[in-house]
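J.: Please find the sequence and the predicted model below.
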Amino acid sequence: MEDRLRRRLNEWVRAYHCRAFIAGDPVQFPHRYGRQEDIEISGLLTALLSFGSRKMILRKAAELDELMGHAPLHYVLSLRWREDFAEGDARSFYRMLSRSDFRGYFGRLYRVYAAGHTLEDALMAFPGTPMQRLCAFMEVSARSPQKKLNMFLRWMVRRGSEVDFGIWRRMSPADLLIPLDTHVCRMAYRLGLTDSRAFSLSNARRITAALAGLYPGDPCLGDFALFGYGVEHPEGQNFIEK
């Protein structure tokens, strides 16, 4: 990578990898909590809502936080979600996610916490990378980019960050995969971190490998640069020349 491009990427990391990032991002919701279990529950459910318009994401995440009484673990263990999210209710809770889908999410979480475990504990029962472990727990494919799940893993695993929590110590930041969304994919292509515009697992791995060359052991630090700059500058204007 050219030196000036490396410097620019580092400038974007410094600009967006900071506490100010939190206020406009869905990560603000798990940041309301201090207990690991509350952070895990709020973080996972917020991440699952994180697609589409950011304004809509934040509004729906706030609604869910209110529904849980601002006490995620208590809500899960109280079983109130059985009343709020009826079995087989196909009505939309958020876009294509139904109320029945959320009943399933809460059911998975209940089984973890009712047994006295954390979500980190539960994932350690599965083999593979952090993404493969979480996909196995959620019973979804590990052959797609899984942007929302990888974002949640970034929140839980990355350390030494004002934004990410780093509360899961049995997984390594080096094993994380970049959360591949529109902004990250577009900026990575424009910067030459990948030669593909595809929203695929292979492209997410390609971009992550390129970022690992810049940030050994912590490739997802580069997520802040690509996503942050991509959101504020949709066309990426003059990003090399400056």
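T.: Yep, that arrived. Predicted model, so just to flag it, every value in this text is computed and none were measured.

J.: For stretch 110-122, which residues meet the burial criterion?
T.: Tyr110, Val112, Tyr113, Thr118, Leu119, Glu120, Ala122 (16 or more other Cβ atoms under 10 Å). To be clear about C-beta, it is placed using only N, CA and C from the backbone, and glycine gets the same treatment.

J.: Now the second one. Nearest residue, chain neighbours left out?
T.: Computed as Cβ to Cβ, 6 or more residues apart in numbering, the closest residue to Val112 that is not its neighbour in sequence is Ala122, at 4.6 Å.

J.: what pLDDT does the residue most central in space within the chain get?
T.: The residue lying closest to the centre of the chain (Cα atoms, centre = their mean) is Met151, at 1.7 Å. We have a pLDDT of 98 for Met151.

J.: returning to what we had before: return the two entries of the buried residues of stretch 110-122 that lie farthest from one another.
T.: Tyr110 and Glu120 (16.4 Å; Cβ to Cβ).

J.: Ser141: what secondary structure?
T.: With DSSP: H, G, I helix; E, B strand; the rest coil as the basis, Ser141 sits in coil.

J.: Let me see the contact set for it.
T.: Going by Cβ atoms under 8 Å, 6 or more residues apart in numbering, Ser141 touches Cys135.

J.: Let's see the pLDDT reported for it.
T.: 97.

J.: separation between Gly69 and Val76?
T.: As judged by Cβ to Cβ, to the nearest Å, Gly69 and Val76 stand 11 Å apart.

J.: Flag the shaky bits of the chain, pLDDT-wise.
T.: Residue ranges of the chain with pLDDT under 70: 1-2, 235-242.

J.: This completes my enquiry, with thanks.
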